[in-house]
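A.B. asks: quick check, what structure comes out for this input:
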Amino acid sequence: MLETKQVTLRCPVCRAQKSYALNGAQVRQLRGGISLQFHCSYCGSPRFWTPVNRDELSETDPADSRNILLVDDDELILQLLRKVLQSWETSIDVSANGKEALAKLASRTFDLLVCDLQMPEMSGDELFRHIRENALIPPERIIFLTGDKRPQTRQFLRDCGCHYLFKPIQFLEFSAHVQAVLGLQ
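C.D. replies: Model (predicted):
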């Protein structure tokens, strides 16, 4: 389930008010002055509704923001993962390979690491060995992504204690893993 926020909106025609559970992206749209389109049961047609109380749109406490590091050499995958993670109040950093990720993990604290296994320079399993040796992030805060289903890869994934998903990624399943790791139930 996506993290939502209750916001009361008003129909611009009949002035009817209704409370909606909006996801983070919708709240950000309203914060930016962009109205959301909903069907008004009184007017009988779609309308662009506006917030009744702008205070409901206030930013969450920055301490509540989650820091996520995405590591993948495929730019399209990174864009798709970012799109899914926009629903939550998160700060997202990216790395194209394990070496870049290792430097970022050593200099900053992350709440979640989402990492591909097959990458140039340093693979995901090599990165994991460095993470484990230096206690950079607990294994239960790592989600590995891979299209490799060879027996040795499956064995690594079973043994590492991390979450993992096989590509192609099912984004509802990915969201469920993120929520489980970050406690966003």
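
A.B. asks: just checking, what packs against the lowest-mean-pLDDT helix or strand in the chain?
C.D. replies: Least confident helix or strand, the chain: helix 24-31 with a mean of 75, by mean pLDDT, DSSP states H and E. Judged by 3 or more C-beta pairs under 8 Å, 6 or more residues apart in numbering; DSSP states H and E, the packing partners of helix 24-31 are strand 4-10, strand 36-39. C-betas here are computed from N, CA, C, even on glycine.

A.B. asks: let's see that with 10 Å instead.
C.D. replies: strand 4-10, strand 17-23, strand 36-39, strand 46-51 (3 or more C-beta pairs under 10 Å, 6 or more residues apart in numbering; DSSP states H and E).

A.B. asks: any idea which of those gets closest to Leu157?
C.D. replies: strand 17-23 (30.1 Å; C-beta to C-beta).

A.B. asks: pull out the buried positions in the closest one.
C.D. replies: Leu22 (16 or more other C-beta atoms under 10 Å).

A.B. asks: so it versus strand 4-10, what angle?
C.D. replies: Taking axes from the mean of the first three to the mean of the last three C-alpha atoms, to 10 degrees, one finds strand 17-23 and strand 4-10 inclined to each other by 150 degrees.

A.B. asks: what packs against strand 17-23?
C.D. replies: When contacts are defined as 3+ C-beta pairs under 10 Å, 6+ apart, strand 17-23 sits against strand 4-10, helix 24-31, strand 36-39, strand 46-51.

A.B. asks: what about stretch 115-129, start to end distance?
C.D. replies: By C-alpha to C-alpha, to the nearest Å, the extent of stretch 115-129 from end to end equals 13 Å.

A.B. asks: ok, Arg66 - contacts?
C.D. replies: Arg66 sits next to 85, 88-92, 110-112, 178, 181-184 when contact means C-beta atoms under 10 Å, 6 or more residues apart in numbering.

A.B. asks: who's in contact with Leu102?
C.D. replies: Taking C-beta under 10 Å, 6+ apart, one finds Val71, Ser95, Glu121, Met122, Glu126, Leu127, His130, Ile131, Asn134, Leu136 in contact with Leu102.

A.B. asks: A helix includes Glu140, no?
C.D. replies: Yes. Counting by DSSP: H, G, I helix; E, B strand; the rest coil, Glu140 is located in a helix.

A.B. asks: mind listing what it touches?
C.D. replies: Here Glu140 is in contact with Gly161, Cys162, His163, Ala180, Val181 (C-beta under 10 Å, 6+ apart).
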